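K.L.:
What shape does this take:
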Amino acid sequence: MSHPPPKKRGTARKPDFLPLIADVFAECGYRRATTATLAKRCGVRENELYRIWPNKKSMFLDAIGFIFESVASSWAESIEQKTDITAAQQLIDSQLHHRGDSRLHRIIFSGLNEVDDPDICRALRDLYLNFHKMISDYVRKHRQQHQLQSSLSDDTISWMMIGIGSIFDIQQELGQGTLDQRRKQLGQAANATLNIR
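P.N.:
Numbering: from 1, shown residues only. Next up is the predicted model:
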């Protein structure tokens with residue numbers, strides 16, 4: 001007779017809760033999200049969350065880290081699907097079709113209101129530096145493979161791509177232009193910086 005697997009307890013449940021917690025912070029922002037709301041979304045009592053995180057700020061910091069993990073994982077899956085184009089090209093293609101789907105950028109926007117807190121400021125800075133490092137690597141490899149010359153450095157192009165992605169998110173939040181118009185703008189920017197059509 002087989003027995004059901006034991007229930008996860010404490011920190012073992014963190015990976016299960018983190019997407020749900022990130023979703024609440026994306027919906028409510030840092031200040032409006034309450035531990036009661038976070039617990040309800042996770043289907044537990046507040047004290048269950050406090051066994052994993054000491055406070056709401058710790059939950060928010062992990063939600064910021066979850067953004068990078070989630071996006072990096074999504075990008076890796078997209079890149080593995082097509083081997084006939086560079087990782088940079090696949091990344092742009094993925095962003096043209098899925099940019100902002102998860103709404104995780106709202107956590108970043110909420111966090112920008114909290115940069116007076118050194119921990120939140122550091123987490124956001126690390127998030128952007130991690131994205132920059134990854135994108136810069138994709139850009140460098142793409143430019144080497146296609147022997148592209150530019151007066152712009154890989155670092156500059158990477159920051160431009162991050163900036164363009166942020167503008168895309170802002171436009172989406174404000175309902176500015178259609179999705180097709182925003183995709184066209186992103187595609188034009190990619191072509192201008194990486195010669196990707």
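K.L.:
isn't residue 38 right up against residue 22?
P.N.:
No: between residue 38 and residue 22 there is no contact under C-beta atoms under 8 Å: 10.1 Å. C-beta: built from backbone N, CA, C; applies to glycine.
K.L.:
now the chain, which segments are flagged as low pLDDT?
P.N.:
1-10, 82-84, 94-102, 196-197 (pLDDT under 70).
K.L.:
Helices of that one, residue ranges please.
P.N.:
Secondary structure of the chain by DSSP state H: the helices cover 14-32, 35-42, 46-50, 56-81, 87-98, 105-112, 118-146, 154-174, 179-194.
K.L.:
Rebuild the ones you listed as CSV, extending it with mean neighbour count.
P.N.:
Shown next, in CSV, are the helices of the chain (neighbours: other C-beta atoms under 10 Å):
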stretch, mean neighbour count
helix 14-32, 18
helix 35-42, 17
helix 46-50, 15
helix 56-81, 17
helix 87-98, 20
helix 105-112, 20
helix 118-146, 16
helix 154-174, 17
helix 179-194, 16
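K.L.:
Nearest the geometric middle of the chain, what residue?
P.N.:
Nearest to the geometric centre of the chain sits residue 67, at 3.7 Å (C-alpha atoms, centre = their mean).
K.L.:
residues touching residue 124, list them.
P.N.:
Contacts for residue 124 were tallied using C-beta atoms under 8 Å, 6 or more residues apart in numbering; they are 64, 108, 111-112, 115.
K.L.:
List just the nearest of those to residue 178.
P.N.:
residue 108 (23.5 Å; C-beta to C-beta).
K.L.:
ok, that closest one - contacts?
P.N.:
Contacts for residue 108 were tallied using C-beta under 8 Å, 6+ apart; they are 64, 67, 124, 127.
K.L.:
Max pairwise distance over those residues: which two?
P.N.:
Top of the distance list for these (C-beta to C-beta): 67 and 124, 9.6 Å.
K.L.:
Residue 78 and residue 104: what is the separation?
P.N.:
Distance of residue 78 to residue 104, computed by C-beta to C-beta, to the nearest Å: 16 Å.
K.L.:
swap that for residue 181, please
P.N.:
According to C-beta to C-beta, residue 181 and residue 104 sit 22 Å apart.
K.L.:
Which member of the contacts of residue 108 is positioned nearest residue 186?
P.N.:
Distance to residue 186 across these (C-beta to C-beta) is lowest for residue 67, with 19.1 Å.
K.L.:
wait, isn't that closest one in contact with residue 104?
P.N.:
Yes: between residue 67 and residue 104 there is a contact under C-beta under 8 Å: 4.7 Å.
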